[in-house]
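Asks: sequence plus the predicted model coming up.
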Amino acid sequence: MSAHAAPVQGGANLAGSTHATLRQVLDRRFAEGRAFSLAEAICFVVPLAMDVKARHDRGELLFLHPSCVVVGPTGVVSVEPRLAVAPSHPRDVSSMPPELVAAGGRTGGNARASVFSLGAILYEAVTGSHIGPGMPRPCEVDPNSPEALEVLLAKALVADPSHRPDDLGALASAMHHLVPASPKSVPPPPADESTLDGGNFELDVRLSMLPPHEANPGGPSSHGRRAPQDPFGNVIQAPNQAPRIDATTQLAQLKARLEADPRPRYVVNKDKMDHGPFTAVELLRQVGTSAFLGSDVLRDELSGQSRLISEWEEFAVFAEHARLTRDAAAEKKEVKQLERQERQSGIMKYVAGAGVALVMAGGLTAFVVHKVGSRAEGASVVNDPNATDLTFDGGLVVKRKATGRLGGGGGGGGGGAASFSGGMSYEAAIASNNQEMNIGGAAGGPDLTNGQLAAPMRNAAFISGCGAPDDMKVTVRVAIRQGRAVGVSVTTNPGNAGVAACVDRHVRGLGWQPHPKMDSFTTTY
């Protein structure tokens, strides 16, 4: 045991903790939902401060944190040099002063650094919280904690070493005087406690890690506070075990503590650029709007600690909430996109179906038209022994016969003939056209060609329009002069006077190229 190590009198506060580190003792107590009372904490922090002072007086540099403090078989606390190395436990790291954190653990600290670490160990013991953003003041954890405790912690936890005291003897004396009536507390050697307020440094508690009083407007105030007393005037001690609160309330309290600290102490490194410094309010707003992500690096300018936002206990929960919000928004957007695609797909299917229906309808129409209209396709004039067209050239009678390519002659058995109320029949027109001209006389010009004669009747849609079924044979004989049908005869097989009359009326309304000579032809549909 170090000559300067001090036993813990009574040992009740660390009972069963021998051969354990102070970190293990603290964690075990916190796992039970209890923090140390101020009297219990002073019993081992003051002797620890005297042991550390003796080591620094010998010129030692230390990494002071709970994991390097051991509790011996007799309840003695002391620093174990083999364990006094740069810490890895997150709460041990929070016990380190900013200057050692910034140095990256390359070397231990002096007495000024150990003042910060001792203040951090005392704070953690009585509050159950570690040093860092959102840390509560002791009066928020225990309304009965003395105001002197917060004043002392504010001095010890100054982040800037140039404004922090370095007198470990004065610190141990001031800690002892927080509970002077405790019989378990070992008094340290007398020391001038005024050195904690200045001397070889300029104290500036505005740079302390402990939040200022005005940073916690909703929390209990330590000013003018009196400890509750029973009817006999005895102080009523508050229970160590804090009431359990739900996670939502804890998160709300953490947010309130963070936002109540008005100091711009946070810098975020995003895309290799520093942004800030921000106050906690500004930082939480940036995290909440996803301007900063959990993968960005956050540096606390007060403590000197720098790590990913997702690795900061105080900010990770807010970064995770923002991530969940982003994921929910992205999922909602994806759902809307899928719905839009499905609607578009439905429209395309409807259009495709309508297109297929139109194509099918068009194909059916084309089939019907083809079946009916094919009777007129390619209609041309061929010889018809019953069709006589008398034209005259130089006094010689010339006879020309014409008929439709698809057939000629009579309408077949019982072929029904139309009544001709609108003009002459084909036969009457041919009979009335006999003329003679002298040889060498003026000619009337060439006859119409077969194509000119057949052209007006190529579209046979009027046949089906008149009600002729597909299996009905319709024969039309036409005598043409001056572009009009002057004689028409229509027969059907099987006979149908109504169809024949309808076709007759349609043909008489057709027009051909005007020509003074009479032309005639026969076509069958």
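Replies: Thanks, I have the structure now.
Asks: could you point out where the stretch 51-200 of the chain is predicted with low confidence?
Replies: For the stretch 51-200 of the chain, applying pLDDT under 70 flags the ranges 180-185.
Asks: can you do 90?
Replies: Scanning the stretch 51-200 of the chain for pLDDT under 90 picks out the ranges 71-78, 80-95, 98-108, 129-136, 139-145, 159-160, 162, 176-200.
Asks: quick one: the strands in it, in order.
Replies: With DSSP state E, counting those that start in this stretch as the criterion, the stretch 51-200 of the chain has strands at 69-71, 76-79.
Asks: out of the ones you listed, which is closest to residue 431?
Replies: Proximity to residue 431, assessed across those by CB to CB, is greatest for strand 69-71 (140.5 Å). Glycine gets a C-beta too; all of them are placed from N, C-alpha and C.
Asks: helices or strands up against that closest one?
Replies: strand 20-21, helix 22-31, strand 76-79 (3 or more CB pairs under 8 Å, 6 or more residues apart in numbering; DSSP states H and E).
Asks: in a strand, that's where residue 486 is, yeah?
Replies: Yes: counting by DSSP: H, G, I helix; E, B strand; the rest coil, residue 486 is part of a strand.
Asks: pick the most deeply packed of the helices and strands packed on strand 69-71.
Replies: Mean neighbours per residue, mean count of other CB atoms under 10 Å, is largest over the helices and strands packed on strand 69-71 for strand 76-79, with a mean of 23.
Asks: direction included, what does that one pair up with?
Replies: Paired with strand 76-79 in the same sheet, following DSSP bridges, are strand 6-7 (antiparallel), strand 69-71 (antiparallel).
Asks: what's the offset of it from the middle of its chain?
Replies: Between the centre of strand 76-79 and the centre of its chain there are 55 Å (CA atoms, centre = their mean, to the nearest Å).
Asks: stretch 87-107 too?
Replies: For stretch 87-107, the distance to the chain centre is 39 Å (CA atoms, centre = their mean).
Asks: buried set for that stretch?
Replies: 87, 91, 92, 93, 94, 95, 96, 97, 98, 99, 100, 101 (16 or more other CB atoms under 10 Å).
Asks: format the residues you listed as CSV; extra columns: distance to residue 32.
Replies: CSV is the format used below for these (distance: CB to CB, whole Å):
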residue, distance to residue 32
87, 24
91, 17
92, 20
93, 24
94, 21
95, 21
96, 26
97, 29
98, 31
99, 34
100, 31
101, 30
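Asks: and these, which two are the farthest apart?
Replies: So, the buried residues of stretch 87-107 by CB to CB: farthest apart are 91 and 99, at 19.0 Å.
Asks: quick one: closest of the helices and strands packed on strand 69-71 to residue 113.
Replies: Using CB to CB, the helices and strands packed on strand 69-71 put strand 76-79 closest to residue 113, at 13.4 Å.
Asks: just the CA trace of the closest one, in CSV.
Replies: Extracted in CSV, the C-alpha atoms of strand 76-79 (Å, rounded to 0.1, in the frame of the first residue of the first chain):
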residue,chain,number,x,y,z
VAL,A,76,-8.1,1.5,1.6
VAL,A,77,-8.4,3.3,-1.7
SER,A,78,-5.4,4.2,-3.7
VAL,A,79,-4.1,4.6,-7.3
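Asks: residue ranges for the helices of the stretch 51-200 of the chain, please.
Replies: 90-94, 98-102, 111-127, 138-141, 147-156, 168-176 (DSSP state H, counting those that start in this stretch).
Asks: what's the first helix or strand after the last one?
Replies: Toward the C-terminus, helix 168-176 is succeeded by helix 247-260 as the next helix or strand (DSSP states H and E).
Asks: mean confidence score for that next one?
Replies: Averaged over helix 247-260, pLDDT sits at 81.
Asks: buried set for that helix?
Replies: Those would be 253, 254, 255, 256, 257, 258, 259, 260, for helix 247-260 by 16+ other CB under 10 Å.
Asks: equivalent analysis for stretch 294-308, please.
Replies: 294, 296-306, 308.
Asks: out of those residues, flag the one nearest to residue 50.
Replies: Closest to residue 50, out of all of these and judged by CB to CB, is residue 303, at 26.4 Å.
Asks: the residue nearest to that closest one when sequence neighbours are not counted: what's it in contact with?
Replies: Once flanking residues are discounted, residue 303 sits nearest to residue 98: 5.1 Å by CB to CB, 6 or more residues apart in numbering. Shown in contact with residue 98 (CB atoms under 8 Å, 6 or more residues apart in numbering): 159, 160, 161, 302, 303, 304, 305.
Asks: I'd assumed the fifth one was in a strand, is it?
Replies: In other words, residue 303. No: read with three-state DSSP, residue 303 is coil and lies in no strand.
Asks: need the residue closest to the centroid of the chain.
Replies: Nearest residue to the geometric centre of the chain (CA atoms, centre = their mean): residue 330, 1.7 Å.
Asks: picking up where we left off before, from the buried residues of stretch 294-308, which is closest to residue 470?
Replies: The closest of the buried residues of stretch 294-308, once distances to residue 470 are taken by CB to CB, is residue 294, at 79.1 Å.
Asks: can I get the contacts of residue 98 in a markdown table with distance to residue 454?
Replies: Output for these, formatted as a markdown table (distance: CB to CB, whole Å):
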| residue | distance to residue 454 |
| --- | --- |
| 159 | 109 |
| 160 | 111 |
| 161 | 115 |
| 302 | 105 |
| 303 | 105 |
| 304 | 105 |
| 305 | 102 |
